[in-house]
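**Student:** Please find the sequence and the predicted model below.
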Amino acid sequence: MSSSLAATTTVITGASSGIGTAVARRFAGAGSRVVLAARRLNRLEALAATLREEGCDAFCCRCDVSRYEDVAALVEQALTRYGQIDVMVNNAGNAVAKPVAETSPEELDLQIDVNFKGVCYGCRAVAPHMIERGTGTIVNIGSICSLRHFPNYAAYVGAKFAVLGFSRSFYEEVRPHGVRVTTLCPAAVNTAWGALAGAEQPWPPQELLQPEDLAEMAYFCVTAPARVQVESVVAWPRCEPTA
């Protein structure tokens, strides 16, 4: 375990699997205290137990990011336990791969509520604390869908486009207060996301971006010198064409 993030606190939503779990492992391994948030508390507790066995400080909090009261409670619990939040990673997300005409209103709402409003809520809840301290980094997980459109993902694309626009505008509000905001925009990542969404990947899993790759990018953005603002990172696996 390194100490590059010693004495810091990182809050991660969607930490029960995929990119969120990888970020938790990377940041905890660098010395940060990690607050693990997701709806599946049993998976969070298993991850926290593993991290504690490795000498890390991990705390779990059940959170549905589509509910502002849950996100506000998450931030409050983190502050009560650790006194500060240095990094907020708004990672929770979901998708449904269907034409709009076949997507239920509930499925449309869920994609907007989790992918977009969840990011807005995370930023809103932690912003006053970071502004008061005059420091902090927020990492929002976007997607290649924040930049390009894809059929059968209209609601997801719309939400992820909104994440990027929101993040850029929000950064200009908090920039004078020493707070940074970065959006990570990956293409195909080897997580359970595709299967849950009903998507098919034509490439072998080992050739896709791995969750650990995104964790490393988040770590780079957070540990860059304070004078550096990484607005966004777009990452593709080499197996996937970019044109």
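**Tutor:** Received the coordinates, thanks.

**Student:** Kindly state the beta-bridge partners for N140.
**Tutor:** With DSSP bridges applied, the residues forming beta bridges to N140 are N90, T183.

**Student:** and it, what does it touch?
**Tutor:** Contacts here follow Cβ atoms under 8 Å, 6 or more residues apart in numbering; on that basis N140 touches 90, 119, 122-123, 163, 166-167, 181-184. In short, each C-beta sits where N, CA and C put it, glycine included.

**Student:** so where's the protein uncertain?
**Tutor:** 1-2, 193-199 (pLDDT under 70).

**Student:** what about the strands in this structure?
**Tutor:** Secondary structure of the chain, counting by DSSP state E: strands at 9-13, 33-38, 58-62, 87-90, 136-141, 179-186, 232-235.

**Student:** CA atoms of the last one as PDB?
**Tutor:** The one in question is strand 232-235. Only the C-alpha atoms of strand 232-235 are listed here, as PDB (Å, rounded to 0.1, in the frame of the first residue of the first chain):
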ATOM      1  CA  SER A 232     -12.300  15.100 -19.400                       C
ATOM      2  CA  VAL A 233     -10.600  11.900 -20.400                       C
ATOM      3  CA  VAL A 234     -11.800   9.900 -23.500                       C
ATOM      4  CA  ALA A 235     -10.500   6.300 -23.500                       C
END
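
**Student:** Centre of the chain to it, how far?
**Tutor:** 13 Å (Cα atoms, centre = their mean, to the nearest Å).

**Student:** Quick test: name the residue nearest the centre of the chain.
**Tutor:** Among the residues of the chain, the one closest to the centroid is N91, at 1.9 Å (Cα atoms, centre = their mean).

**Student:** ok, it touching A15?
**Tutor:** Yes: proximity of N91 to A15 meets the contact threshold set by Cβ atoms under 8 Å, at 7.3 Å.

**Student:** Can you check which residues contact both of those two?
**Tutor:** Taking Cβ under 8 Å, 6+ apart as the contact rule, the neighbours common to N91 and A15 are V23.

**Student:** ok, back up a step: tell me the one of the contacts of N140 nearest V222?
**Tutor:** Among the contacts of N140, T182 lies closest to V222 (Cβ to Cβ), at 8.2 Å.

**Student:** ok, now how distant is that closest one from C123?
**Tutor:** Distance of T182 to C123, computed by Cβ to Cβ, to the nearest Å: 12 Å.

**Student:** Mutual contacts of those two, please.
**Tutor:** 138, 140, 167.

**Student:** buried ones in the helix ranked longest in the chain?
**Tutor:** Identified as the longest helix of the chain according to DSSP state H is helix 154-174. By 16 or more other Cβ atoms under 10 Å, the buried positions in helix 154-174 come out as 154-164, 166-167, 170-171, 174.

**Student:** and it, what other elements does it pack with?
**Tutor:** When contacts are defined as 3 or more Cβ pairs under 8 Å, 6 or more residues apart in numbering; DSSP states H and E, helix 154-174 packs onto helix 105-112, helix 118-133, strand 136-141, strand 179-186, strand 232-235.

**Student:** mind running it again at 6 Å?
**Tutor:** Here helix 154-174 touches helix 105-112, strand 179-186, going by 3 or more Cβ pairs under 6 Å, 6 or more residues apart in numbering; DSSP states H and E.

**Student:** before we move on, the earlier item: save the strands of the chain as TSV, and put in distance to A226 too.
**Tutor:** TSV is the format used below for these (distance: least, Cβ to Cβ, whole Å):
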stretch	distance to A226
strand 9-13	17
strand 33-38	20
strand 58-62	26
strand 87-90	13
strand 136-141	9
strand 179-186	8
strand 232-235	18
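
**Student:** Out of those, flag the one nearest L214.
**Tutor:** Nearest to L214 among these is strand 179-186; the distance by Cβ to Cβ comes to 5.7 Å.
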